[in-house]
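> got a predicted model here, sequence first, then my questions.
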Amino acid sequence: MRLSLAVLLLLGCDGATPADAGLEDTGVEDAGLDDAGLEDAGGPMCAEDLRAPFTTSPCSQATADCAAACADATCAENCFLADASGACIQCWDANQLACWNRNGCQPQWNCIAQCIRTHCPTPTPECIGDNCAAEDVAYADCFEPLRMMCLERTVDCLPAP
């Protein structure tokens, strides 16, 4: 499942965002928020989990050349996955996720991120599928119409021409 890979890369095993990999640290995750029991008139509220796009370009020129030769997003993603720096594919995921969230999917992201923190101390696709399937579907339903628009944000991960 693609979303679970993005979630795993962004949440990591300890739930922390790799700020040292070029991702802007918003400080939200470390605030110690635990409002899983809060509710408003519309139902349960999920703790805000803001994600910013990478502020650096961690991918190599070889990745840029590879992606430029691609005819579709799957090919380009494979180029990012093949980059020697793990920060390259993290940038791909983080920049798309930040774009999706800025364009209306922040509430759904908050809920899947909270579900994973609550139920999957070591996030795995199996744990997410078993415990957070409804949140996963809600988030995917939100970002799917934004996928192509936000795919453009991944070019920010590549070195300047």
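Yep, it's here. All values reported here derive from a predicted model rather than from experimental measurement.

> quick one: least confident helix or strand in this structure?
In the chain, no helix or strand scores lower on mean pLDDT, DSSP states H and E than strand 39-40, which sits at a mean of 38.

> run through who's touching stretch 96-108.
Outside stretch 96-108, the residues that touch it by C-beta atoms under 8 Å, 6 or more residues apart in numbering are 6, 10, 46, 48, 50-53, 109, 135, 138-139, 141-143, 146-147, 149-151, 153-154. All C-beta atoms are positioned from the backbone trio N, CA, C, and that covers glycine.

> ok, now stretch 75-86?
Against stretch 75-86 from outside (C-beta under 8 Å, 6+ apart): 21, 58-60, 62-63, 66-67, 69-70, 88-89, 91-92, 154, 157.

> put the alpha carbons of that stretch into CSV.
Provided in CSV are the C-alpha atoms of stretch 75-86 (Å, rounded to 0.1, in the frame of the first residue of the first chain):
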residue,chain,number,x,y,z
CYS,A,75,9.0,5.6,-13.1
ALA,A,76,10.0,8.9,-11.4
GLU,A,77,9.2,7.4,-7.9
ASN,A,78,11.4,4.5,-8.7
CYS,A,79,14.2,6.9,-9.5
PHE,A,80,13.7,8.6,-6.1
LEU,A,81,13.7,5.2,-4.4
ALA,A,82,17.0,4.2,-6.0
ASP,A,83,18.8,7.3,-4.8
ALA,A,84,21.6,6.5,-2.4
SER,A,85,20.3,9.0,0.1
GLY,A,86,17.3,7.8,2.1
